[in-house]
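Participant: how would this look folded up:
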Amino acid sequence: MWNSWQFWVVVYLVSTVMFSQVFHASNRKMKDAGALTILLEGCTAFFACLFIPFFPMKWPTSFEVYITLGIVMILYAITDRLNIEARYGLAPSTFSMLKQLSTVFLMIFGFLFLKEPFVLKKVIGACLIFLSNIFLAFDNNGKIHLNKYFIMSFISNFLFAIAML
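Facilitator: Residues are numbered from 1 along each chain as shown. Sure thing, here's the model as predicted:
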């Protein structure tokens, strides 16, 4: 059971839905988005530290690694702050759809900077994600309605893709 990918997919889906719903409910009552971001980052760091004993410790000798780590940490912190604000103003389903834009950005960056091969299925998938997010921008009257939370989510996904690159 532990080695079955189907089991882990179900665990992921259940965990993601639970997190989205609980976070959306708690986010509605927040008074300070910065404090909530710090709390989230602190909890993430704590749980990440629990896994340290399971992996060997290797310290890089190159100074560039530490500079890259610092830049990526800043980008992730900005991304998390924007995501908390975006989750506040968007429905969990809308936020989840917008979150998929990071995959599209990563694919574009892979083509441009990492010389990844052009795969038709990936391009079709990216186009479908992009089109679905364009449809999210339209309101019930058929007009484009981009609120600040929608834009924050877009910027957050772009920065996340840069950090992942």
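Participant: roughly how far apart are Thr68 and Ser102?
Facilitator: For Thr68, the distance to Ser102 (Cβ to Cβ, to the nearest Å) stands at 19 Å. (Each C-beta comes from the backbone N, C-alpha and C, glycine too.)
Participant: now Met107, nearest residue through space, not along the chain?
Facilitator: Nearest non-adjacent residue to Met107, counting by Cβ to Cβ, 6 or more residues apart in numbering: Ala126, 5.2 Å away.
Participant: Check Thr103 too.
Facilitator: Thr103 sits nearest to Ile129 (Cβ to Cβ, 6+ apart), 6.4 Å away.
Participant: So which bits of the helix or strand hosting Val22 are buried?
Facilitator: Using DSSP states H and E, Val22 falls within helix 5-28. Of all the residues in helix 5-28, those buried under the rule 16 or more other Cβ atoms under 10 Å are 20, 23-24, 27.
Participant: got the angle for the helix or strand following it vs helix 5-28?
Facilitator: The C-terminal neighbour of helix 5-28 among helices and strands, as given by DSSP H and E, is helix 33-49. Put simply, helix 33-49 runs at 150 degrees to helix 5-28, going by axes from the mean of the first three to the mean of the last three Cα atoms, to 10 degrees.
Participant: So which elements touch the helix or strand where Tyr76 lies?
Facilitator: Here Tyr76 is covered by helix 63-89, with elements defined by DSSP H and E. Packing contacts for helix 63-89, counted by 3 or more Cβ pairs under 8 Å, 6 or more residues apart in numbering; DSSP states H and E, involve helix 5-28, helix 33-49, helix 92-99, helix 148-164.
Participant: so how far is that helix off the chain centroid?
Facilitator: With Cα atoms, centre = their mean, to the nearest Å as the basis, helix 63-89 stands 10 Å off its chain's centre.
Participant: Could you give the average pLDDT over it?
Facilitator: If you average the pLDDT over helix 63-89, you get 90.
Participant: What are the buried residues along that helix?
Facilitator: Within helix 63-89, the residues that count as buried by 16+ other Cβ under 10 Å are 75-76, 78-88.
Participant: Also stretch 151-159?
Facilitator: Within stretch 151-159, the residues that count as buried by 16+ other Cβ under 10 Å are 152-154, 156-159.
Participant: between these, which is nearest Cys43?
Facilitator: Comparing the buried residues of stretch 151-159 against Cys43 with Cβ to Cβ picks out Ser156 as the nearest, at 19.0 Å.
Participant: distance of the closest residue to the closest one other than its chain neighbours from Ser102?
Facilitator: Leaving aside its sequence neighbours, Ser156 sits nearest to Leu82 (Cβ to Cβ, 6+ apart; 3.8 Å). Using Cβ to Cβ, we find Leu82 at a distance of 12 Å from Ser102.
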